[in-house]
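> the sequence and its predicted three-dimensional model are supplied below.
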Amino acid sequence: MSLDRRLRRVALAVAPALVAALAGCGLVSGQTGPAQIRVDQVGYAPGGAQTAYLMAARADDAPFEVVDEAGAVVLRGTAGADRGRWSDAYPAVHPLDLGALRAPGRYRVLVTDPAAASPWFTVADDPHRALVDRAVTFFQAQRDGPDVVRAVLRRAPAHLTDRAAQRYAVPAYDGTTLDGPLRPVGGRGDVSGGWYDAGDYLKFTHTASYAAVVLLLARRTRAAGPDTPLAREAAHGLAWLDRMYDARAGVLYAQVGIGDGNDTTVGDHDRWRLPEADDRAPATPGDPARLLTRRPVFPANAPGARISGNLAGRVTAALALGAQLAAPAEARRLLDRAATLYARADGRATVTTYPAAYYTENSAADDLALAGAELALAARRLGDPRAATWRAQALRWAAAYAADDSPEPPGAADVGALAAAELLPQAPEAPAATRDALLAAVRRPLDAARDRAAGDPFGAGMKLTEFDAVPRAFGLAAAAALYRRAGGGDGYAALGAGQRGWALGANPWGLSFLIGAGTTSPRCPHHQVANLTGGQLTGAVVNGPNKAKLLRGLHAPGGAHRCAGVAVEAYDGGGAAYRDDVAAWPTGEAAIDYTATAVLALALS
């Protein structure tokens, strides 16, 4: 496993003028800002971690009140000790303990001196439950092919030529520049449908399989019926993965479309447009942009050769999860497909994308452990005698994963915690050493996050000056829940709730980084369809804060519409910044793996 890095060239067809908003219009250096109260804008469950944060010049022992919608005071308290400096504008951050707030309802926090009021939030047994369906809306927005959801962002069918896409050999890259022409091989295949990976129109088996696994798990966990939006979206993703595996040729396809081209080949990242525009564009031989219309499909392996273990593992897991939920005949078909793919996996090989710099992965052990666990569960449901064999194989892969010294929270690059939670409860025969080592592997990133959170003014368990801060926060929340499900106990529940709350508003910027959740969320993500239709990208999770230096000198994509974002630059600190602007891809790009990790955390909460 390896920390997922989004290193794509996504400043698409840059315009000549800098985006003024990215220069910032914050406070004068040394000037303190007006006090702010940050909360989980969605809400809190009674008895869980319930902490708000007061940002101020200093507010030792400041009294606060919590009022309900009728204006009645339901709780009084005193601000806790300063947790540390955030910025020149906010040199003190004080926790506000809301733990005594138990009655269901809507509330806000008020402080008189210094004057501040929080957004409204909810107290309920499961205040985050509806967010899973909200996140599903983002996956609907990401659909490709003929089966789009027109009510979401006025989507239209797109890339219909993917029904007969030309297969090509693996492309050569020099960094992120295509090195030489593409070489056609093997005829054509149907790779239509699926989801766009992020704000672009590429389709990756790497991220789509992770997202499908999560949606299927969420459906199973929530017992969602087959006609629910969650079930339909999971089925949409699974159907595309099924098409990406050609069992007759022994090939799993890894990617549709080409992101970065060269001087003679226009790549997906070179033009800002709606996806259906690609179908209307000319595709004459020799046209540099022809691969936007006649999109290439690239394999993960040579015909008949072993298949990269990470992709084979997670696609197997998705097919096996589908078998756990489908009617008997379809379940057996999916299980047989999964078994065939699993048998061809090469545990020593990993493939993500072309170029590989888009996503990194250096181990397949976690993917194959998850695959074996899901195969065993599907086999048990169908009375298939291979269940014990697959469970034993999963335990061996889990032991290999646990021996790695760099496990990560759940995400596109690491599904080890998922494997632990799916495997250990069904494997009482697991050796104690394997069980202990696997639980210890899940704990390692949680322990590191707890140490970091103890020193962060807002309790953040991840670095805010690196990519993927928000998905890592959701990943930590998911890891805490998965650790409990794997048999490790509730010792990280407060940490997990704190990271989820941070992502949903209890952060310096006061933003819920899941669009459409809470009172204030990003308006201008780096997303072509949302920008060009002017609609809200409901349910999307964005990267979140990043190193401030990465936001200097960015340009608006050529053809992008103007968008008035939420002004939050006054709250930058610690070398981290957030900009709500379509040009600010390092903070505002939305992606299916980001959103899937949030779905996992929310479904398990």
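Perfect, I can see it now.

> would you confirm that residue 63 contacts residue 110?
No: counting by C-beta atoms under 8 Å, residue 63 does not reach residue 110; the two are 9.6 Å apart. For glycine as for every other residue, the C-beta is placed from the backbone atoms N, C-alpha and C.

> which residues does residue 104 contact?
Residue 104 is in contact with 46, 122-125, counting by C-beta atoms under 8 Å, 6 or more residues apart in numbering.

> show me which of those are buried.
Buried by 16 or more other C-beta atoms under 10 Å: 122-124, out of those.

> just the ones of these in strands?
Members of the buried ones among the contacts of residue 104 lying in strands (criterion: DSSP state E): 122-123.

> which secondary structure element contains the nearest residue in space to residue 176 that is not next to it in sequence?
Once flanking residues are discounted, residue 176 sits nearest to residue 260: 4.7 Å by C-beta to C-beta, 6 or more residues apart in numbering. Using DSSP states H and E, residue 260 is not contained in any helix or strand.

> tell me which helix or strand in this protein has the weakest average pLDDT.
strand 14-18 (a mean of 37; mean pLDDT, DSSP states H and E).

> tell me the helices and strands packed up against the helix or strand following that strand.
The C-terminal neighbour of strand 14-18 among helices and strands, as given by DSSP H and E, is strand 36-38. Judged by 3 or more C-beta pairs under 8 Å, 6 or more residues apart in numbering; DSSP states H and E, the packing partners of strand 36-38 are strand 51-56, strand 116-117.

> number of residues surrounding residue 115?
Neighbour count of residue 115, defined by other C-beta atoms under 10 Å: 10.

> and it, how far is that from residue 199?
39 Å (C-beta to C-beta, to the nearest Å).

> can you check residue 230 too?
To residue 199, residue 230 is 23 Å away according to C-beta to C-beta.

> so for these two, which residue has more residues nearby?
Counting neighbours by other C-beta under 10 Å for residue 230 and for residue 199 shows that residue 199 has the greater number, 28 against 21.

> hang on, that one packs against residue 590?
Yes: with contacts defined as C-beta under 8 Å, residue 199 counts as touching residue 590 at a distance of 6.4 Å.

> residue 51 bridge partners, please.
Bridge pairing for residue 51 (DSSP bridges) gives the partners residue 97.

> buried residues in the helix of greatest length in the chain, which are they?
Scanning the chain for the helix with the most residues, using DSSP state H, yields helix 432-455. The neighbour-count check on helix 432-455 (16+ other C-beta under 10 Å) flags 434-435, 438-439, 441-446, 449-450, 453 as buried.

> with stretch 272-289 instead?
Neighbour-count burial for stretch 272-289 [16+ other C-beta under 10 Å]: 272-275, 278-279, 289.

> and of those, the nearest to residue 594?
residue 275 (19.7 Å; C-beta to C-beta).

> in a strand, the closest one, correct?
No: assessed with DSSP: H, G, I helix; E, B strand; the rest coil, residue 275 is coil; it does not lie in a strand.

> surely it is in contact with residue 145?
No: judged on C-beta under 8 Å, residue 275 makes no contact with residue 145 at a distance of 9.9 Å.

> overlap in contacts, these two.
With C-beta under 8 Å, 6+ apart as the test, residue 275 and residue 145 both reach 158-159.

> picking that back up, what is the nearest of the buried ones among the contacts of residue 104 to residue 105?
residue 123 (5.9 Å).

> bridge partners for that closest one, pull those for me.
Applying DSSP bridges to residue 123 gives these bridge partners: residue 44, residue 105.

> what sits against it?
43-46, 101-107.

> which among the residues you listed end up buried?
Among the contacts of residue 123, those scoring as buried are 43-45, 101, 107 (criterion: 16+ other C-beta under 10 Å).

> buried residues in the helix or strand containing residue 252?
Using DSSP H and E, residue 252 falls within strand 251-256. By neighbour count with 16+ other C-beta under 10 Å, strand 251-256 contains the buried residues 251-256.

> do stretch 328-346 as well
331, 334-335, 337-339, 341-342, 344-346.

> and residue 190, how many residues sit next to it?
The burial count for residue 190: 15, using other C-beta under 10 Å.
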